[in-house]
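J.: Sequence and predicted structure are below.
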Amino acid sequence: MNTTTIANLSVGEKGIIRDIPFDSVPLKLLEMGCLPGKEVELLQVAPLKDPLYIRVNGSHLAIRRDMASLIIITKSESLCEKLKL
Amino acid sequence: MRKTEVIKVALVGNPNTGKSSLFNQLTGLNQKVSNYPGITVEKKSGTAKLNDEVTATISDLPGTYSINPSSLDENIVLEAFINESNDYPDVVVVVADIENLKRNLFLFSQIKDLEIPAILVVNMMDQMKKKGISLDIAKLKEELKSEVLLISARKKLGIEELKTAILNYKKVQTTTIANIANRVDADFFKKVKSSFEDISLYKAWLLITQQHNFPNLNQTLKNRVDKFRGDTDKLKRMQNKETILRYQYINDILKKTYSFDAEKATGLRSKLDKILTHKIFGYIIFASILLLIFQSIFDWTQLPMDLIDTAFAQLSDFAKNQMPPGLFTSLIAEGIIPGIGGIAIFIPQIAILFLLISILEETGYMSRVVFLMDKIMRRFGMSGKSVIPLISGTACAIPAIMAARNISGWKERLVTILVTPFTTCSARLPVYAIIIALIIPNHRILGIFSLQGFTLMALYLLGFTAAMASGFLLNKTLKVRDKSFFVIEMPNYKLPSLKNVLYTVLEKTKAFVFGEGKIILAMSIILWVLASNGPETFKNAEETIKSENSELTEKQIDQKIASYKLEHSYIGIAGKSIEPVIKPLGYDWKIGIALISSFAAREVFVSTLATIYSVEDDTNAATIKERMAREINIDTGEKRFNFPVGMSLLVFYAFAMQCMSTLAIVKRETNSWKWPILQLFGMTALAYLASLITFTVLN
């Protein structure tokens, strides 16, 4: 398993949210649908590498890199990696 | 005739769900915007006729994702459901968008738990087929124990059904649905329940978990709430758990009722996103849109503004010629008519600016700008969301500062509020326009670029640079405790609805005319009074002049009297008394008068000079500009508005905090006198220094 954070995804990559440090992120992030167990995809990165544009649980959100780096995910294997197996 | 029954309806929903479209469809032009008492959040309400006997008053609450507020605007929604005052709604209509039903149901489930009749309205039914979505309404109704309707606000589908549903609101069940309490912490909620038997359990929970205090809550309720508030970490953990449980509940319901065909989900969004937030094209497109906005503010409004200007000048002359001479005529012709003209002249610019901004917001493009600009703006102490206030600031700082409300971090919001008045608002335009026309020759460079237009653009850049530079400084110096966070929705793109856009323009323009207009008009009248009255020397003007200048013709004597009167009127005395301070900047006491009076609002500068020179000089034909061009500096014999003086004035107006209404808004928005006072002294000192340097160097 490949544990990392949303901030380390490349554009187009997906992962499953494993852990969110509830004390350091606002309630609003959860209320917008960003919850443990949900799939997250990095859709786009703003030109200066920040903020990040993600799709999670049906919502399209933009969050800043510092917050994204707090959200622990396991990366879903890309198609290439699967084929190598 | 029977008295008509009134049903109070609250309209809530996430942003970008078409809530405003529905509101406009239901109420038409029967809308009014008023302020909530004590705060400047706009309260939008309207009426809809349901049948011959029953009407509904509908209040359009600010868009929110949750009843737990994360900005000032969202507080309003919570407040509306906390205080069981006269405004407490009979029924709530929750607007949801079919594409984001899951997140929309989150808000609906919270409202429903307040045990108030709630109707779920799923908007954009016309999109269902295209997006491959199907929804089992009957099943959803049963699961949510509520009325559920499919509508399309844009296409006016389902509006009559909604009206019928509102009429029958008493039949809607008011039971809770998500059963959160027992699953979050059964013991805790048992205690809450026994302590708050008079209100719904969820309302008690909301009262306990909010950071802010409710001003209108009665003391006994407050005391009970405080008992449960101690452990904030524990409460936050419970809120997190509540959120997760709510989403589980919603997922279960949607599994039974909602399906969508992933293949039909269009790739239009991602294609447009790739271009509009591209690292090169994204900025080029944004810059072009800004250019279009400025182009339209300057260029397309010239004709209507000139027409309004001429019309009011003619009206003033007409009044002067047709009415019997006297104090009253003078008040009308020299005070009130120019005063109203001074307001009317801004209508074209304000309207066009809000037209373009509301189109950008309606299409979903504004969120992309926020995304694109966030990192850059953060270096200057602001957020990507500060772009909207800064652009709005080119029309008027007041709505701009209010637009800073949805910036969630206090420091970023404060910096935005403090620097916004540097952006060149439309009130500076008449000042710039007249002075540029006086001192910059009407040449073209390379046959295309007008030198005057170029100067105007330079002044805009100057204001913008000042805003960014002071943002940078404030970011380094302000020590503010801050919990900034940034979570924004990137809505799907859609075509703007003409009706929504026009209603917004109408609403904002009206707010400007009646809000700002009052101040400008009042200032014009006060000015006129101060300019046509004075102490003893003023009253004896005629005798003094006649005895000293017996050799002149009658007309020359009249002019001398008028000018002597102005100099010895109350306003003349005020202007004279500040003359020593402003002389180093190249100004005389008449410009001093204009500076003092334009503290109320910048554009008053022009109408003041117009009033001063028209009191003094009775030749009818001359426009303000001609009168100003004729004005001579007595010390040098040169023109009063020569190049150094003009430049010094331009620089002064670029920086000075010349607007009482802005200061009042800043006080209200920051809830402290500290910040408006800092703005006033900081900006005025900067303006004085910059003008001093400009004048000294050029002279």
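T.: Everything's here; your move.
J.: Pull the number of nearby residues for B:Val9.
T.: Neighbourhood size, B:Val9 [other C-beta atoms under 10 Å in any protein chain shown]: 25. Any C-beta I mention is one placed from the backbone N, CA and C, and that applies to glycine too.
J.: and it, which of the three is it?
T.: Following DSSP: H, G, I helix; E, B strand; the rest coil, B:Val9 is assigned to strand.
J.: if I look at it, how far off is chain A?
T.: 25 Å (C-beta to the nearest C-beta, to the nearest Å).
J.: wait, doesn't that residue sit right on B:Tyr88?
T.: No - B:Val9 is not in contact with B:Tyr88 according to C-beta atoms under 8 Å; the separation is 11.5 Å.
J.: nearest residue to B:Gln349 other than its sequence neighbours?
T.: B:Ser426 (4.6 Å; C-beta to C-beta, 6 or more residues apart in numbering or on different chains).
J.: What distance do you get for the one you found to B:Ser661?
T.: Here B:Ser426 is placed at a distance of 13 Å from B:Ser661 (C-beta to C-beta, to the nearest Å).
J.: How about B:Gly592?
T.: 22 Å.
J.: Compare those two (neighbour count), which wins?
T.: Regarding B:Gly592 and B:Ser661, a neighbour count based on other C-beta under 10 Å identifies B:Gly592 as having more, with 22 against 18.
J.: Identify the residues contacting the more buried one.
T.: Counting by C-beta atoms under 8 Å, 6 or more residues apart in numbering or on different chains, B:Gly592 makes contact with B:Ala574, B:Gly575, B:Lys576, B:Ile578, B:Glu579, B:Ile582.
J.: What helix or strand is it located in?
T.: According to DSSP states H and E, B:Gly592 maps onto helix B:589-597.
J.: Over to A:Arg55?
T.: strand A:52-56.
J.: and the next element down the chain from that strand?
T.: Where DSSP H and E defines the elements, the next helix or strand beyond strand A:52-56 is strand A:59-63.
J.: Tell me the gap between the next helix or strand after that following strand and the middle of its chain.
T.: Moving toward the C-terminus from strand A:59-63, the next helix or strand (DSSP H and E) is helix A:65-68. On the basis of C-alpha atoms, centre = their mean, to the nearest Å, helix A:65-68 sits 10 Å off its chain's mean C-alpha point.
J.: repeat for stretch B:535-550
T.: With C-alpha atoms, centre = their mean, you get 50 Å for stretch B:535-550.
J.: in that stretch, what's buried?
T.: When burial is assessed from 16 or more other C-beta atoms under 10 Å in any protein chain shown, stretch B:535-550 yields the following buried residues: B:Phe538, B:Ala541, B:Thr544, B:Ile545.
J.: and the gap between B:Met402 and B:Lys508?
T.: Counting by C-beta to C-beta, the gap between B:Met402 and B:Lys508 amounts to 11 Å.
J.: quick one: which of those two has more around it?
T.: More neighbours surround B:Lys508 than the other of B:Met402 and B:Lys508, with 23 against 20 (other C-beta under 10 Å).
J.: who's in contact with that one?
T.: For B:Lys508, the contact set (C-beta under 8 Å, 6+ apart) comprises B:Ile350, B:Phe354, B:Pro399.
J.: For it, what is the enclosing helix or strand?
T.: Applying DSSP H and E as the criterion places B:Lys508 in helix B:498-531.
J.: got it, and B:Val92?
T.: Applying DSSP H and E, one finds B:Val92 within strand B:91-97.
J.: cool, and B:Ile250?
T.: Under the criterion of DSSP H and E, B:Ile250 resides in helix B:232-257.
J.: Get me the contact residues on chain A for chain B.
T.: Contact residues, chain A versus chain B (C-beta under 8 Å from any C-beta of the partner chain): A:22-23, A:25-33, A:35-36, A:43-44, A:46-51, A:53, A:57-64, A:67.
J.: Buried subset of the residues you listed as a PyMOL selection?
T.: To isolate the buried ones among the residues of chain A next to chain B in PyMOL, judged by 16+ other C-beta under 10 Å, type:
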select buried, chain A and resi 22+25+26+27+28+29+30+31+32+33+35+43+44+46+47+50+51+53+57+59+60+61+62+63+64+67
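J.: show me where pLDDT drops low in chain A?
T.: Counting by pLDDT under 70, chain A has low-confidence residues at A:1, A:78-85.
J.: which stretches of the stretch 51-200 of chain B form strands?
T.: With DSSP state E, counting those that start in this stretch as the criterion, the stretch 51-200 of chain B has strands at B:54-60, B:91-97, B:118-123, B:133-135, B:147-150.
J.: how about those in JSON lines, adding mean neighbour count?
T.: Converted to JSON lines, those look like this (neighbours: other C-beta atoms under 10 Å in any protein chain shown):
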{"stretch": "strand B:54-60", "mean neighbour count": "20"}
{"stretch": "strand B:91-97", "mean neighbour count": "25"}
{"stretch": "strand B:118-123", "mean neighbour count": "26"}
{"stretch": "strand B:133-135", "mean neighbour count": "16"}
{"stretch": "strand B:147-150", "mean neighbour count": "21"}
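J.: would you list the ones you listed in JSON lines and tack on distance to B:Gln219 and mean pLDDT?
T.: Shown next, in JSON lines, are the strands of the stretch 51-200 of chain B (distance: least, C-beta to C-beta, whole Å; pLDDT from 0 to 100):
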{"stretch": "strand B:54-60", "distance to B:Gln219": "27", "mean pLDDT": "92"}
{"stretch": "strand B:91-97", "distance to B:Gln219": "28", "mean pLDDT": "95"}
{"stretch": "strand B:118-123", "distance to B:Gln219": "30", "mean pLDDT": "94"}
{"stretch": "strand B:133-135", "distance to B:Gln219": "47", "mean pLDDT": "89"}
{"stretch": "strand B:147-150", "distance to B:Gln219": "37", "mean pLDDT": "94"}
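J.: Specify the beta-bridge partners of residue 5.
T.: Because you didn't say which chain, this covers chain A. When assigned by DSSP bridges, A:Thr5 has beta-bridge partners A:Ile72.
J.: You answered for a different chain; I wanted chain B.
T.: Here B:Glu5 sits in beta bridges with B:Val54, going by DSSP bridges.
J.: just checking, B:Thr394 touches B:Ala427?
T.: No - shown here, B:Thr394 and B:Ala427 do not form a contact pair, counting by C-beta under 8 Å, at 10.7 Å.
J.: Just want to know which of those two has more residues nearby.
T.: B:Ala427 (27 against 24).
J.: In contact with that one, which residues?
T.: By C-beta under 8 Å, 6+ apart, B:Ala427 lies in contact with B:Phe346, B:Cys396, B:Ala601, B:Arg602, B:Glu603, B:Cys659.
J.: The last one: neighbour count?
T.: Spelled out, it's B:Cys659. 28.
J.: ditto for the second one
T.: The number of residues packed around B:Cys396, counting by other C-beta under 10 Å, is 26.
J.: ok, so what distance separates it from chain A?
T.: The gap separating B:Cys396 from chain A is 28 Å, by C-beta to the nearest C-beta.
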